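Engineer: what follows is a predicted structure for the sequence shown.
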Amino acid sequence: AWLNDACIHFFFTVLSKRLQQDGNNNNNNNTTNKFMDPSVVSFLMHQCQDEQDEQDFRSGWEDTSSSERIFIPINDNFGSGSLLYPGAGSHWSLLVLLLQQPQQPQDGNDNKIINKKSIHDCFHFDSHSSGSSNNHEAASNVAKKMQRVLGLEKLQIPVTECSMPQQQNGYDCGLYMIAAAEALSLGSPQQQQQQQYTTRAEQEIILRQHLGNNTAPRMQKKILDLVKELAHT
């Protein structure tokens with residue numbers, strides 16, 4: 001089932017609130033994960049054209065000072081060849097930015113930070129890649145613009161393509177994308193606290209454990225159950 005921007009934003013909002021609630025229950029203020037609204041990503045790519053636009057975006061978006069990971073829905077419409085046609089995309093994938101905290105100086109002066117927060121790694125997960133992702137260019141474009149707009153240290157980190165379980169048709173990409181974001185942000189259900197999966201191998205393992213042939217119907221049912229639950233509150 002094709003998911004539009006509103007469906008993805010709805011699920012990401014519920015997931016973010018769940019993470020915050022789980023963190024509070026474990027006496028851990030879980031503010032390490034940020035989820036971007038697809039419409040915000042589209043605005044970033046299609047309408048932030050100059051320095052003033054980028055400054056407005058930076059001031060209006062969530063603070064990333066406490067973030068360690070940013071989950072970004074990627075649409076093939078974010079590739080350079082289609083940036084003139086908003087809303088024309090047909091495939092979703094997931095970009096995960098791992099942020100690195102500023103380094104403390106070596107002279108013992110704790111009041112001075114050497115570097116501002118930087119992107120440590122960029123991981124891209126595509127459930128319909130067939131060996132090479134058609135969304136790689138789009139993911140790279142978004143990663144570069146996020147780096148510039150949010151004022152992150154420019155380290156020229158390339159986007160790393162990661163393997164993940166593949167969808168069985170041409171239209172379940174959105175369901176696989178949100179399932180991957182859920183699995184990577186929540187971690188193992190056997191653990192009381194969310195584990196930060198920070199290496200490519202760790203993230204690929206967790207996705208193989210959580211995603212499979214039943215991913216699409218499972219996520220369809222989950223979204224429907226969430227809507228029904230909210231309708232009765």
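Structural biologist: All right, it came through fine.
Engineer: when you work out contacts or count neighbours from here on, use the C-alpha atoms and nothing else.
Structural biologist: Fine.
Engineer: do a quick rundown of the helices in the protein.
Structural biologist: 5-25, 38-47, 51-60, 136-149, 173-186, 200-210, 215-231 (DSSP state H).
Engineer: center of this structure, which residue is that?
Structural biologist: Phe71 (1.3 Å; C-alpha atoms, centre = their mean).
Engineer: I'd like the distance between that residue and Leu175.
Structural biologist: 15 Å (C-alpha to C-alpha, to the nearest Å).
Engineer: for Ser133, same thing?
Structural biologist: Counting by C-alpha to C-alpha, the gap from Ser133 to Leu175 is 17 Å.
Engineer: go on, Asp76?
Structural biologist: Using C-alpha to C-alpha, Asp76 is found at 16 Å from Leu175.
Engineer: compare the two (neighbour count), which wins?
Structural biologist: Leu175 (25 against 22; other C-alpha atoms under 10 Å).
Engineer: list the contacts of the more buried one.
Structural biologist: Residues counted as contacts of Leu175 (C-alpha atoms under 8 Å, 6 or more residues apart in numbering) are Ala1, Trp2, Leu3, Thr215, Ala216, Met219, Gln220.
Engineer: 7 Å - rerun?
Structural biologist: Ala216, Met219 (C-alpha atoms under 7 Å, 6 or more residues apart in numbering).
Engineer: what angle do the helix or strand of the chain with the lowest mean pLDDT and helix 136-149 make?
Structural biologist: Ranking every helix and strand in the chain by mean pLDDT, DSSP states H and E puts helix 51-60 at the bottom, with a mean of 82. Interaxial angle of helix 51-60 relative to helix 136-149 (axes from the mean of the first three to the mean of the last three C-alpha atoms, to 10 degrees): 80 degrees.
Engineer: list the buried residues in helix 51-60.
Structural biologist: Residues of helix 51-60 classed as buried: Glu54, Phe57, Arg58 (neighbour count, 16 or more other C-alpha atoms under 10 Å).
Engineer: of those residues, which is the nearest to Ser39?
Structural biologist: Using C-alpha to C-alpha, Phe57 comes nearest to Ser39 of the buried residues of helix 51-60, at 12.7 Å.
Engineer: please report how far the closest one lies from Cys48.
Structural biologist: Here the criterion is C-alpha to C-alpha. By it, Phe57 lies 8 Å from Cys48.
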